[in-house]
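Student: sequence? don't have it. structure:
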């Protein structure tokens, strides 16, 4: 089992550009959540997807959007990048039903210059 | 969001027990208490979780106060590989969706 895989691992973008990050969940998981982790801080919840719809959203602007595909994989899109968007972006997968743990990927390190 | 409060850092010696405290005084009745740890350059790794009763697994034990306003993660015999940032987290359920509300975490240092 490959666990949660994220791509790319590192990315450098310029202010104002757009970026797409990708996540494949652990086998058997149908729910994907995205988190932003600034340096030295705990991860902050961005949003959660299951059944191909956004179900819950954290305190992030509309520049942050996502998508979930029929195979449960997911994308995170960020438009009009700001320097403050530089962070580690983490994807976590879980099962919707049942009190089970979430599995995190290694993350994508985004640097905005 | 309900929040957790942890010490910024703690230090212990190898092969000794470690008790990591966490306060969550605003916890609601349906919030689960989860603990994750994060090694440098890695995503968080699940450690243990519970609702009301104390829990044990191969990695650690979780002691939950009777009023659920605090909990303690217990590593019974710390090794150097246990050095990490430990997050005490509330798993909040809202309208069928669940999210993990992270705090700042405790950086655990293990001395050889």
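Tutor: Ah, there it is. No experiment lies behind these values; they were computed from the predicted model shown.
Student: just grab the bridge partners of residue B:97 for me.
Tutor: With DSSP bridges as the criterion, residue B:97 is bridged to residue B:94.
Student: point to the residue nearest the middle of chain A.
Tutor: residue A:34 (3.2 Å; C-alpha atoms, centre = their mean).
Student: for the lowest-mean-pLDDT helix or strand in chain B, give me every contacting residue.
Tutor: One helix or strand of chain B scores below all others by mean pLDDT, DSSP states H and E: strand B:97-101, with a mean of 83. Residues from elsewhere that reach strand B:97-101 (C-beta atoms under 8 Å, 6 or more residues apart in numbering or on different chains): A:31, A:33, A:35, A:43, A:45, A:48, A:50, A:55-56, A:58, A:92, A:94, A:102, B:1-4, B:34, B:36, B:89-92. For glycine as for every other residue, the C-beta is placed from the backbone atoms N, C-alpha and C.
Student: now the strands for the chain?
Tutor: Using chain A. A:5-7, A:10-13, A:19-24, A:31-37, A:44-50, A:53-57, A:64-68, A:74-78, A:87-94, A:103-104, A:108-112 (DSSP state E).
Student: that answer is for a different chain, and I need it for chain B
Tutor: B:9-13, B:18-23, B:32-38, B:45-50, B:55-56, B:61-64, B:70-75, B:84-94, B:97-101, B:106-111.
Student: output the contacting helices and strands for the second one.
Tutor: Meaning strand B:18-23. Judged by 3 or more C-beta pairs under 8 Å, 6 or more residues apart in numbering or on different chains; DSSP states H and E, strand B:18-23 is in contact with strand B:9-13, strand B:32-38, strand B:70-75, strand B:84-94, strand B:106-111.
Student: winner for burial among those?
Tutor: Across the helices and strands packed on strand B:18-23, averaging neighbours per residue (mean count of other C-beta atoms under 10 Å in any protein chain shown) puts strand B:32-38 on top, at a mean of 23.
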